[in-house]
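Peer 1: please work out how this folds:
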Amino acid sequence: MKARLPILSLLLLLTSCQFFETEKISSETFYEEKLRTIDWNDVTQYPLFPQCVSLTEKSEQRNCFSNVLREALGEMKGMATKVVNEEIEDTVWVHLEVSETAQLSIRELKMDSLTEQLFPLMREGIISMVDSLELVEPAYKEGVPVKTEFSLPIVIQTQ
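Peer 2: The predicted structure follows:
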């Protein structure tokens with residue numbers, strides 16, 4: 001009886017080893033699965049201005065990024081006041097790009113011809129505002145710096 005116990009234990013041990021085997025996944029399969037789970041329309045970290053560096057939450061970084069742009073635009077808007085005799089309601093679209101090296105630039109500036117005629121310095125003011133802003137870090141996606149694009153609407157209303 002004592003001789004059977006070690007043999008029986010060894011037999012059980014050898015047959016149960018199959019339960020400890022793990023399925024091996026190739027690196028290509030792992031890579032493809034990872035690519036499917038990534039949301040390509042969102043970033044892990046937003047581009048950072050100097051005043052936003054201490055923020056760690058993505059929503060706080062987004063708000064800080066937007067606030068810095070809004071404040072800079074507000075300063076430019078104060079300089080671009082002009083008396084106009086007609087009522088205008090227009091939206092100027094500024095399409096911004098942040099490169100992988102944290103360079104902020106204007107990709108496109110869409111402005112109605114009447115708005116541009118009435119506010120001839122607005123285009124220069126927007127370009128100057130964007131050129132004066134400096135980022136310390138680009139956006140990141142999964143730890144890799146990426147190029148990002150943003151659209152900034154500037155609503156113009158006169159009465």
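
Peer 1: who does the host helix or strand of Gln117 touch, helix- and strand-wise?
Peer 2: Using DSSP states H and E, Gln117 sits in helix 113-118. In terms of contacts (3 or more Cβ pairs under 8 Å, 6 or more residues apart in numbering; DSSP states H and E), helix 113-118 is packed against strand 89-98, helix 122-132. From N, CA and C alone the C-beta is placed, and that goes for glycine too.

Peer 1: out of these, the one nearest Met111 is which?
Peer 2: Nearest of the helices and strands packed on helix 113-118 to Met111, taken as Cβ to Cβ: strand 89-98 at 4.7 Å.

Peer 1: now the protein, which segments are flagged as low pLDDT?
Peer 2: 1-4, 6, 8-23, 31, 35, 40, 76-85, 159 (pLDDT under 70).

Peer 1: quick one, helices of it?
Peer 2: Applying DSSP state H to the chain gives helices spanning 4-16, 27-37, 58-79, 113-118, 122-132.

Peer 1: relative to Gln45, which of these is closest?
Peer 2: Here helix 58-79 is closest among those (Cβ to Cβ), at 6.3 Å.

Peer 1: OK, contacts around the nearest residue to Glu137 once chain neighbours are set aside?
Peer 2: Spatially, and ignoring its direct neighbours in sequence, Glu137 is nearest to Leu48 (4.3 Å; Cβ to Cβ, 6 or more residues apart in numbering). Counting by Cβ atoms under 8 Å, 6 or more residues apart in numbering, Leu48 makes contact with Leu55, Gln61, Cys64, Phe65, Leu135, Val136, Glu137.

Peer 1: hmm, back to that, centre of the chain to the helix holding Gln117, how far?
Peer 2: 32 Å (Cα atoms, centre = their mean, to the nearest Å).

Peer 1: likewise stretch 57-64?
Peer 2: 10 Å.

Peer 1: alpha carbons of that stretch, as PDB, please.
Peer 2: Taking C-alpha atoms only, stretch 57-64 is exported to PDB below (Å, rounded to 0.1, in the frame of the first residue of the first chain):
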ATOM      1  CA  GLU A  57      -5.700  64.100 -15.400                       C
ATOM      2  CA  LYS A  58      -6.500  64.100 -19.200                       C
ATOM      3  CA  SER A  59      -9.600  66.200 -18.700                       C
ATOM      4  CA  GLU A  60      -7.700  68.800 -16.700                       C
ATOM      5  CA  GLN A  61      -5.000  68.900 -19.400                       C
ATOM      6  CA  ARG A  62      -7.700  69.400 -22.100                       C
ATOM      7  CA  ASN A  63      -9.400  72.200 -20.100                       C
ATOM      8  CA  CYS A  64      -6.000  73.900 -19.500                       C
END
